[in-house]
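In: test case, fold it:
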Amino acid sequence: MKQQILQNQTQLEAANDINLDCLLSSYDYELPPELIAQNPAVPRDSSKLLVVNSAETGKTIPPLHHIFRDLSELLKPGDLLVMNNTKVIPARLYGCRSTGAEVEVLLLEERRHNCWLALVKPGKRFKVGSEIIFTAVGDGEKQELRATVVESDPETGGRLLQFDLPPEVPLVQVLGKFGQIPLPPYITASTAADEQYQTVYAQEQGAIAAPTAGLHFTPSLLEKLRNYGINQAFITLHVGIGTFRPVEVKDVTNHVMHKEWIEVSSDTVEQVLATRAAGGRIIAVGTTAVRALEGAAQLGALQPFVGQTNLFIYPGYKWQVVEGLITNFHLPRSSLLMLVSALIGRKRLLDLYEQAIAAQYRFYSFGDAMLILPEGKNIQ
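Out: Next up, the predicted model:
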């Protein structure tokens, strides 16, 4: 049945000059619910790793099956891993109105000092001037944190909340008392500790979700990679709502990505340029590292950059920096699935997903990983 559907799509594309890569419906696949990982692998680097090492990868040339800790054997001395050092903040808060009605808040990003864009449930009741009270108990004392709605945000349907704190106290400094680390909605039965949803190299606070491809690294694996001559550089992209918002337009070329804050330092740019000059390869760890590197190269060449990007990468994209990718397995119809499709081709990617499902790989944030080596990248 599936083969017939694919054949019909191909015939339709040929007859009507339709580019299926532009159709949202072309990014569907069926995933058995039991393959949605609810907890991370322990230890982190014991997860499975699907390796794409040929531009002709398909059913005739199957991918390689490894364990993530084998990474040092799969890369080459002189390669550069570029990682996202963002740190997930306790962005989910539970509070109440002055009436006692319960409120759930998910912080998205700071717009100005201690004024945060947030999704609020139930949102329709929160007009400008509405107040939310959060409470915490620490050291035997009850503490309160108050926020006032100062503006609505039509783009996200969220609210801008001004938190009542002394000017010298940033909200992130007190969030540990009042907030919780938010897990994605498809993780419903997790027993993971908060630190298991952080990379071991997380430093810069600001994300509402982890850059999950990095969750597989352990300190010992990072050290082993360095000893093999495989270098490491860091960017920062604070993962926001744009990463998870579903694509809702039938023609994906009309999708507009929400902006996310990135920083690509001069040191990282120098490492990338030096790696290329020496014949090494640039391997992005996660789609967020891809968006940061490619976003910083949109003026024609990679350069240091601090600011926001709404770069949307889908098939047909002309790559500037990234040559290989380590990534997890992504949701159907997601912008992340489209980004990886831009690297190796949509049909090839969906075929690889089919093989991963058959091999019982675990999917999504706490799931297994895929390594796309530069030799597996589409030839452009």
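In: who's in contact with residue 303?
Out: Shown in contact with residue 303 (CB atoms under 8 Å, 6 or more residues apart in numbering): 264, 269, 296-297. Every residue, glycine included, has its C-beta placed from N, CA and C.
In: is it in a helix, a strand, or coil?
Out: Following DSSP: H, G, I helix; E, B strand; the rest coil, residue 303 is assigned to coil.
In: got a pLDDT number for residue 167?
Out: pLDDT recorded at residue 167 is 93.
In: what do you get for residue 137?
Out: Looking at residue 137, its pLDDT is 75.
In: same question, the one 4 residues further on
Out: Looking at residue 141, its pLDDT is 81.
In: so how far is residue 223 from it?
Out: 43 Å (CB to CB, to the nearest Å).
In: neighbour count for those two, which is higher?
Out: Looking at residue 141 and residue 223 with other CB atoms under 10 Å, you find the greater number of neighbours at residue 223, namely 10 against 7.
In: how much space between that one and residue 314?
Out: Plainly put, residue 223 is 36 Å away from residue 314 if you go by CB to CB.
In: go on, residue 330?
Out: Distance, residue 330 to residue 314, by CB to CB: 13 Å.
In: those two: which is more packed in?
Out: When residue 330 and residue 314 are compared on other CB under 10 Å, the one with more neighbours turns out to be residue 330, at 24 against 19.
In: the more buried one - nearest residue in space that isn't next to it in sequence?
Out: Distances taken as CB to CB, 6 or more residues apart in numbering place residue 336 nearest to residue 330, at 4.1 Å, with adjacent residues excluded.
In: what number of residues lie near that neighbour?
Out: If we define neighbours as other CB under 10 Å, then residue 336 has 22 of them.
In: residue 139 now?
Out: Neighbour count of residue 139, defined by other CB under 10 Å: 5.
In: and it, what are its phi and psi?
Out: phi 60, psi 40 (degrees, to the nearest 10).
In: just so I have it, where are all the helices in the stretch 151-300 of the chain?
Out: Using DSSP state H, counting those that start in this stretch, the helices of the stretch 151-300 of the chain run over residues 171-178, 219-227, 241-244, 266-277, 287-295.
In: elements contacting the last one?
Out: Okay, so that is helix 287-295. In terms of contacts (3 or more CB pairs under 8 Å, 6 or more residues apart in numbering; DSSP states H and E), helix 287-295 is packed against strand 80-84, strand 231-237, strand 260-264, strand 282-285, strand 305-309, strand 324-328, helix 335-344.
In: how about the first one?
Out: Helix 171-178 is packed against strand 131-138, strand 141-153, with contacts defined by 3+ CB pairs under 8 Å, 6+ apart.
In: just for the stretch 1-150 of the chain, where's the confidence low?
Out: With pLDDT under 70 as the threshold, the stretch 1-150 of the chain has low-confidence stretches at 1-18, 56-61.
In: if we use 80, what do you get?
Out: 1-18, 55-62, 123-125, 137-140 (pLDDT under 80).
In: before we move on, the earlier item: got the helices of the stretch 151-300 of the chain as JSON lines, with mean pLDDT columns?
Out: Putting these into JSON lines (pLDDT from 0 to 100) gives the following:
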{"stretch": "helix 171-178", "mean pLDDT": "95"}
{"stretch": "helix 219-227", "mean pLDDT": "98"}
{"stretch": "helix 241-244", "mean pLDDT": "72"}
{"stretch": "helix 266-277", "mean pLDDT": "98"}
{"stretch": "helix 287-295", "mean pLDDT": "97"}
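In: and these, which is most packed in?
Out: Using mean count of other CB atoms under 10 Å, the stretch among those with the greatest mean number of neighbours is helix 287-295 (a mean of 28).
In: residues in contact with that helix?
Out: With CB under 8 Å, 6+ apart, helix 287-295 has contacts from 82-84, 86, 211, 213, 235-237, 239, 243, 260, 262-264, 272, 282, 284, 302, 305, 309, 311, 313, 317, 319-322, 325, 327, 330, 336, 339-340.
In: and the buried ones among those residues, selectable in PyMOL?
Out: The buried subset of these, as determined by 16 or more other CB atoms under 10 Å, is captured in PyMOL by this line:
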select buried, resi 82+83+84+86+211+213+235+236+237+239+243+260+262+263+264+272+282+284+302+305+309+311+313+317+319+321+322+325+327+330+336+339+340
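In: please name the nearest non-neighbouring residue to residue 117.
Out: The shortest distance from residue 117 to any non-neighbouring residue, by CB to CB, 6+ apart, is to residue 108 (4.6 Å).
In: that neighbour is in contact with residue 208, isn't it?
Out: Yes. Because the distance of 6.2 Å satisfies CB atoms under 8 Å, residue 108 is recorded as touching residue 208.
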